[in-house]
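Colleague: after the sequence you'll find the predicted model.
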Amino acid sequence: MYIMSNFEDADTEETVTCLQMTVYHPGHQQNGIFQSIRFFNRQKLPSSEVVKFGRNSNTCHYTFQDKQASRVQFSLQLFKKFDSSVLSFEIKNMSKKTNLIVDNKELGYLNKMDLPHKCLVRFGDYQFLMEKEDGESLEFFEIQFSLSTRPLLQENNWLPQKPIPECGRYSSCSTQNNSPIEMGENEW
């Protein structure tokens, strides 16, 4: 008679997509803006859930204790792209008064976009570094928060800087002959 061990018998546990969110606001220490958010704990949510962020505790999963934030500031929703087994997030600006900046793209009221794998989301003095860890489960996802005491924008050198050519503009620079040219004393 063959007996299977518990290890062989156990169901394979699926990994879960997790959105890591590092949050920053300069007034958090004094005003407790993020006091309703549980830091460092993964919260498991059904994949059909639309997760809302804002100051209204009746409609938002995560609330900001700040009158500068809209009742519903933005939402995150999970989806699966065609021909992909990986879950993705979309972010939608729900605020009529404040634009949401995702990396360097500005979203007006009700504008939405796919959330990049790693990005910086900003509005007002709020900064959120969002990083997605892929998982296998289609039923659930997790969100985990951490708090930064320093601005994320400067700490991560977030804004991509393109070097500016010496002539000041890309279009007017000549790239045809970049090698030095030998000239005589009287040639100018």
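Modeller: Ah, there it is.

Colleague: show me the strands in the chain, by range?
Modeller: All strands of the chain, identified by DSSP state E, fall at 17-24, 42-46, 50-54, 62-63, 74-80, 87-93, 100-102, 105-107, 112-114, 118-123, 126-133, 140-147.

Colleague: ok, residues contacting the third one?
Modeller: Counting by Cβ atoms under 8 Å, 6 or more residues apart in numbering, the neighbours of strand 50-54 from elsewhere in the structure are 45, 59-64, 69-77, 94-95, 143. Heads up, the C-betas are built off the backbone N, CA and C, glycines and all.

Colleague: repeat the analysis, applying 10 Å as the threshold.
Modeller: The contact list for strand 50-54 (Cβ atoms under 10 Å, 6 or more residues apart in numbering) reads 19, 21, 23, 37, 43, 45, 59-64, 66, 69-78, 89-92, 94-95, 121, 123, 126, 128, 141, 143.

Colleague: in that strand, what counts as buried?
Modeller: Under the neighbour-count criterion of 16 or more other Cβ atoms under 10 Å, strand 50-54 has Val51, Lys52, Phe53, Gly54 buried.

Colleague: residue contacts, Ser95?
Modeller: For Ser95, the contact set (Cβ under 10 Å, 6+ apart) comprises 54, 69-74, 107-110, 123-124.

Colleague: just the buried subset of these, written out for PyMOL, thanks.
Modeller: Burial among these is assessed by 16+ other Cβ under 10 Å; the matching PyMOL selection reads:
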select buried, resi 54+69+70+71+72+73+74+107+123+124
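
Colleague: hmm, back to that, buried subset of the contacts of strand 50-54?
Modeller: For the contacts of strand 50-54, a burial check counting by 16+ other Cβ under 10 Å picks out 19, 21, 23, 37, 45, 60-64, 66, 69-78, 89, 91-92, 94-95, 121, 123, 126, 128, 141, 143.

Colleague: so what sits opposite the residue most central in space within the chain in the bridge?
Modeller: Residue closest to the average C-alpha location in the chain (Cα atoms, centre = their mean): Met130, at 3.2 Å. According to DSSP bridges, the residues that bridge with Met130 are Met21, Cys119.

Colleague: for the remainder of this discussion, apply numbering that starts at 4.
Modeller: Sure, I'll start counting at 4 from here, so that last one is Met133.

Colleague: pLDDT wise, what is it at?
Modeller: On the pLDDT scale, Met133 is placed at 97.

Colleague: looks like it contacts Met24 (just checking).
Modeller: Yes - the pair formed by Met133 and Met24 meets the contact definition of Cβ atoms under 10 Å, at 5.5 Å.

Colleague: give me the common contacts of those two.
Modeller: Leu79, Val124, Ile146.

Colleague: could I get the strands of the chain as a markdown table with distance to Gln157?
Modeller: As requested, these are exported to a markdown table (distance: least, Cβ to Cβ, whole Å):
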| stretch | distance to Gln157 |
| --- | --- |
| strand 20-27 | 10 |
| strand 45-49 | 28 |
| strand 53-57 | 23 |
| strand 65-66 | 24 |
| strand 77-83 | 22 |
| strand 90-96 | 23 |
| strand 103-105 | 15 |
| strand 108-110 | 20 |
| strand 115-117 | 24 |
| strand 121-126 | 11 |
| strand 129-136 | 10 |
| strand 143-150 | 16 |
